[in-house]
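Student: make a model of this:
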Amino acid sequence: LISSATKSLRMETEILEKKLQDAQMKLAEKDGDKDKEIQNLKRLISELEFQLTMEKNNNESFLDKLRKEIKHKSDELEKLTQERTQLIHSLSQVQEENSLLQETVRRECQERYELTAALTRAREQVLELRKLSGSFP
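Tutor: So this is what the prediction gives:
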């Protein structure tokens, strides 16, 4: 009876040991799979971090270019604004000079008209005097 019970317990122990070994092998396989998955995830994280760094660098480079372009455009705008102000000032001076010249031309034309009228009167008087002097010897 003892021998049979011992034999039965040994067989049961062997079966349990085999199940334990199978379970340990499956656990080791799962651990290996988890390790592989962890390594894959770490690699993926590294790649994504690298991509993120590259994107940050590209964005910073792009922003630097935009800042430089904005500065350049701002400088150009300031220069054009100054040129515009100078042109407006020059235009104002030219308009004043033009008005002065127009007034001078108007006065000279008036003088010429008056001189022409006076000359016409003088000619008429000379002609009249010649007529009168022609009738008196």
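
Student: the spatially most central residue of the chain: helix or strand, and which one exactly?
Tutor: What sits nearest the mean C-alpha location of the chain, by CA atoms, centre = their mean, is residue 70, with 5.0 Å. In this structure, residue 70 sits in helix 2-135 according to DSSP states H and E.

Student: any idea of the pLDDT on residue 40?
Tutor: Residue 40 carries a pLDDT value of 97.

Student: now do it against residue 47, distance only.
Tutor: Going from residue 40 to residue 47 by CB to CB, to the nearest Å gives 11 Å. Backbone N, C-alpha and C define where each C-beta goes, glycine included.

Student: also residue 59?
Tutor: Distance, residue 59 to residue 47, by CB to CB: 18 Å.

Student: same question for residue 6.
Tutor: In this view, residue 6 and residue 47 are 60 Å apart by CB to CB.

Student: swap in residue 58?
Tutor: Distance of residue 58 to residue 47, given as CB to CB: 16 Å.

Student: and residue 2, by the same measure?
Tutor: According to CB to CB, residue 2 and residue 47 sit 66 Å apart.

Student: which of those two has more residues huddled nearby?
Tutor: Neighbour count, other CB atoms under 10 Å: between residue 2 and residue 47, residue 47 has more, with 10 against 6.
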